[in-house]
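Undergrad: Below: sequence and its predicted model.
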Amino acid sequence: MCVDAAPPPSSRLTRRGILAGAAALAGTVAGASSTTTTATAADRTRPAHGGRAAGGDLVVRGGTLLDPATGEVTEDAVVVIRDGVVLAAGARAHTDVPRGVEVVDAPGRWILPGLVDAHIHLSTVAEARAAVALGATSARSGSTNFYQDIAVRELARHTPVQAPRLRAAGVFVTPHLGDTVLADPDLTPLVRLKDGVRSAEALRRVVEVNLARGADVIKTRVNERAGLPEQDPLTQVYSHEQLSEVVAAARRGGKGVLCHSYSEQGCHDAVTAGIRSLEHGAFVGERTLHEMRRRGTYFTPTLTAIAGLATSPDPVLAERGRTYLPVLKRAVLAAHELGVPLAAGTDSAGATVEPVGREVELMREAGLPVLDAIRTATTGAARLLGLERTAGRLVRGFAGDVIVVDGDPLADVSVLKKPVRVIRAGIALDAPGRR
């Protein structure tokens, strides 16, 4: 069957319905608006229903402020947020503080920008809320089965405390779509393909449907999964040529590609095909790391997910985790030493959302200097998501996303796993453990 014979996917006719269906699956009805996804001030405070911006006014004062970009530490600091955007940040003695604004006092604590989880699967409102409560105020989806991530993205724009600012990936470009063919009527013809989504036409079709439905990035794979004991994660499922088709189709829509990968050959094929970021990448080799540095390809190792395999009750997965984790840590350190950009991502999925602070902790365990480890979940990840002028710092004009932690992260980075307060777009919420 030639899927090119089908008409192009219609964004005008069905996108609203797709968003509504995804919203229902995600547990919200906030996903029906049609919006753009460029990194502008609209990403910081999206007006709700055409009225006042959804962000709030708030002051954080008295703590020690860390700027991950410069490493500068400011004691007795103040962060002033208006309409969800940072108005001023600096020493209290030199910063004007407005009257009559909600205040979060943070004496004896540290103040950092909200963290960025560059690989997470958010399919429900509860998962999105949990991610924010654990400090991930911005994120990139690693795909969902039925476009729930696009609905979550819209939810975040209307009620920021409910969800991270999200870059949505839509549905996975993978050989076997399974029930995902039901995510969109323009995908259902692919069910007739005997060999699955492998031809150039079929690969392009899935990318085009994702783009028509509003995906910000495209997710594909080159290897099988590590989290399924019956699969061999070193088995390659797409060739360099097939990956190149996915990348070319995404680029025609102005989007980048993140690629699930494990084997060295798979990693190399993905990178040389032109992906934007390599996900997992346990066995990535030196030749591929050099190529990544040359191309500016990001590495999102998802150490948290691999470490989680080691505690699995399944003996195959447990052994896989114990074997892969030290190999991946060495790859992370080698990448850092070569100058490959790194981004923190938990690969959380389902009811258990992991704190992105745990990924930072594992980056540190891999051998990164502490400030560089923190940057993987702030300035580095923000740059990967195209949010380098919105997230990752607390300076004038950036998003009013803040975490307050109970200790010095430069001395003990593990404090990032349990923020005592989280502020999303100038609105404070309680962090887990305070109730």
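TA: Great, that's in hand. All figures in this text were calculated on a predicted structure; none of them were measured in a lab. Numbering: from 1, shown residues only.

Undergrad: list the buried ones in stretch 226-236?
TA: A226, G227, P229, P233, Q236 (16 or more other C-beta atoms under 10 Å). Just so you know, the C-beta spots here come from the backbone N, C-alpha and C atoms, and that holds for glycine as well.

Undergrad: and the two most separated of those residues?
TA: P229 and Q236 (18.8 Å; C-beta to C-beta).

Undergrad: From A89, how far out is D401?
TA: 12 Å (C-beta to C-beta, to the nearest Å).

Undergrad: neighbour-wise, which of the two wins?
TA: In terms of neighbours (other C-beta atoms under 10 Å), D401 is the more surrounded of D401 and A89; the figures are 34 against 24.

Undergrad: was I right about G256 contacting A250?
TA: Yes: using C-beta atoms under 8 Å, G256 makes contact with A250 at a distance of 6.5 Å.

Undergrad: what do these two both touch?
TA: V217, I218 (C-beta atoms under 8 Å, 6 or more residues apart in numbering).

Undergrad: Of those two, which one has the most company?
TA: A250 (27 against 20).

Undergrad: Please name the nearest non-neighbouring residue to that one.
TA: I218 (4.3 Å; C-beta to C-beta, 6 or more residues apart in numbering).

Undergrad: Throw the buried residues of stretch 226-236 into JSON lines and include pLDDT and distance to Y324, thanks.
TA: Formatted as JSON lines, the buried residues of stretch 226-236 follow (pLDDT from 0 to 100; distance: C-beta to C-beta, whole Å):
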{"residue": "A226", "pLDDT": "95", "distance to Y324": "7"}
{"residue": "G227", "pLDDT": "94", "distance to Y324": "11"}
{"residue": "P229", "pLDDT": "95", "distance to Y324": "14"}
{"residue": "P233", "pLDDT": "97", "distance to Y324": "8"}
{"residue": "Q236", "pLDDT": "98", "distance to Y324": "17"}
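
Undergrad: Closest one to A318 out of these, please.
TA: Out of the buried residues of stretch 226-236, the member with the shortest distance to A318 (by C-beta to C-beta) is P229, at 9.7 Å.

Undergrad: How much space separates P409 from L243?
TA: P409 is 37 Å from L243, by C-beta to C-beta.

Undergrad: Also L258?
TA: Distance of L258 to L243, given as C-beta to C-beta: 12 Å.

Undergrad: quick one on the thing from earlier: overlap in contacts, D401 and A89.
TA: Common neighbours of D401 and A89 (C-beta under 8 Å, 6+ apart) do not exist.

Undergrad: Mutual contacts of L258 and L243, please.
TA: T220, I275.

Undergrad: Compare neighbour counts for the two and give me the winner.
TA: L258 (30 against 26).

Undergrad: so what strands line up beside the strand or helix carrying the more buried one?
TA: Mapping L258 onto the secondary structure by DSSP states H and E places it in strand 257-261. Sheet pairing of strand 257-261 (DSSP bridges) gives strand 218-221 (parallel), strand 277-280 (parallel).

Undergrad: Show me what secondary structure element comes after the last one.
TA: Reading on from strand 277-280 to the C-terminus, the next helix or strand found by DSSP H and E is helix 286-295.
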